[in-house]
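K.L.:
I would like the atomic coordinates for the input below:
(one chain, ligands or ions: 1)
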Amino acid sequence: ATVGVLRETAGRERRVALTPDGAGRLRKQDVSVLVEAGAGSRAWFGDIDYEGAGAVVVTREQVYAESDVLLCLHPPEDVVAARPGQLLVGLLGPLTDLDLAQRLASAGITAISLDLLPRTLSRAQSMDALTSQANVAGYKAALLAAEAYAGFFPMLMTAAGTTRPAQVLVLGAGVAGLQAIATARRLGALVTGYDVREAARADIASTGAAVLDVSVPRGDGEGGYARTLSEDEGAAQQQGLDAAIPRFDVVITTAQVPGGPAPRLVSGNALAGMRPGSVLVDLASTVDGGNVEGSIPDTRVVTDAGITIIGAGNLASTVPAAASTAYARNLLALLTQLMPRGEVVLDLDDDVQAAVVVTHGGRLVNPRVRAALA
Ligand code: NAD
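P.N.:
A predicted model of the protein is given here:
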């Protein structure tokens, strides 16, 4: 089979779906690889590197025309150029873009979206692109916070005196939050973590960070995710956090609830209690919400009180080589299963494949996407 790599069309996206290393690994499995010219350039992977790995660099039209499998991160804006029967693999977001899912179905494209992966299946872990990218985002969130903070993260003992380490609070300790905790600790900050899920509290403790207790009932939902808290629980959480947050210099928030809005964890009250020079990084920031009151995606706001609020956008894209490398490994793990002898063999009885295949044979076959449409 022939695998094609498209250059990302989304605005400031710097990642690429396959690295030269990934291309080389596919070549070893007797798979041909076509790469759109310049596809990796914003992640510092040159056309020449792909060629060195045995791939052929071609135009976008040729990638569409000659590939059996198309690899991407975001859905390509010209996805209509794909042919019936072609397999498109990416993070397509079909649960939030139902229109795209329907268009892919009627175009006869077989679409696989890695954001539908059953994450708790151990067989699926090597393909888990949400995890690999959240890990990059959590790392970068800690670096952004350190860069914007007016003090040092570590305690430094110098001839000019000893500095106090920064007090960092991480709210939401899933994949991104745990990596933010680990990174801030490596920089020498005193780190505290908080999450509503019971298991996440143990995860925080295992990193060596302190665990914040705000006396809210455990908020475990399905599939290892959190649930939306009830109004009373949310109010109790808000009160506990309002009291705790002002003693921190840096707050990094990563809290998400599947299928719902991100919970508001840092209120105007909490912000009002924080010292000038404090920094917040909101990884859940969206145009209509986020974990931090007043956060705006891709924007750094300094309030009148001297508090910096960084609304993170697509942070994984800002560490493009590492993020692309991890994503390419996720795709390779998937392709190795899909193409056991170099040709694509779909098996919708397989639990991993059944979960990630969105459209096939002109139909929307995915139960979760179908349920979202109904
Ligand atoms: P996520 O992005 O959905 O949410 C981030 C964190 O926010 C979660 O830990 C969640 O509990 C927390 N949160 C939600 N509401 C909150 C609130 N009101 N207050 C405080 N925290 C709140 O989560 P994720 O990073 O995608 O991970 C979700 C789960 O999936 C975790 O249990 C993770 O370990 C699990 N997971 C498992 C595997 C695996 O088994 N291989 C792989 C990846 C992820």
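
K.L.:
what comes up buried for stretch 226-243?
P.N.:
A226, R227, T228, L229, E233, G234, A236, Q237, Q238, G240, L241, D242 (16 or more other Cβ atoms under 10 Å). All C-beta spots, glycine's among them, are computed from the backbone N, C-alpha and C.

K.L.:
that one close to the ligand?
P.N.:
Yes - Stretch 226-243 is in contact with the ligand by Cβ under 6 Å from any ligand atom, via A226, L229, Q237.

K.L.:
return the member of those residues nearest to G259.
P.N.:
For the residues of stretch 226-243 next to the ligand, the residue nearest G259 by Cβ to Cβ is A226; the value is 11.1 Å.

K.L.:
most remote residue from the protein's center?
P.N.:
Note on the chain: the largest separation between a C-alpha and the mean C-alpha position, by Cα atoms, centre = their mean, falls on A159 (42.2 Å).

K.L.:
state the distance from it to the ligand.
P.N.:
42 Å (Cβ to the nearest ligand atom, to the nearest Å).

K.L.:
same question, G289
P.N.:
Relative to the ligand, and taking Cβ to the nearest ligand atom, G289 is found at 13 Å.

K.L.:
give the bridge partners for that residue, please.
P.N.:
T286 (DSSP bridges).

K.L.:
returning to what we had before: want to throw the residues of stretch 226-243 next to the ligand into a markdown table with pLDDT?
P.N.:
A markdown table is the format used below for the residues of stretch 226-243 next to the ligand (pLDDT from 0 to 100):
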| residue | pLDDT |
| --- | --- |
| A226 | 90 |
| L229 | 89 |
| Q237 | 91 |
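
K.L.:
so which residue of the stretch 151-300 of the chain comes closest to the ligand?
P.N.:
G174 (2.2 Å; Cβ to the nearest ligand atom).

K.L.:
and the pLDDT for the nearest residue to V357 once chain neighbours are set aside?
P.N.:
Sequence neighbours aside, I112 is the residue nearest to V357 in space, at 5.5 Å (criterion: Cβ to Cβ, 6 or more residues apart in numbering). pLDDT recorded at I112 is 98.

K.L.:
can I assume I112 is in contact with V89?
P.N.:
Yes - judged on Cβ atoms under 8 Å, I112 makes contact with V89 at a distance of 4.6 Å.

K.L.:
so what's in contact with the two at the same time?
P.N.:
Shared contacts of I112 and V89 (Cβ atoms under 8 Å, 6 or more residues apart in numbering): L334.

K.L.:
adjacent strands (with direction) for the helix or strand A111 falls within?
P.N.:
Element membership for A111 (DSSP states H and E) is strand 110-113. Here strand 110-113 is paired, per DSSP bridges, with strand 87-90 (parallel), strand 357-360 (antiparallel).
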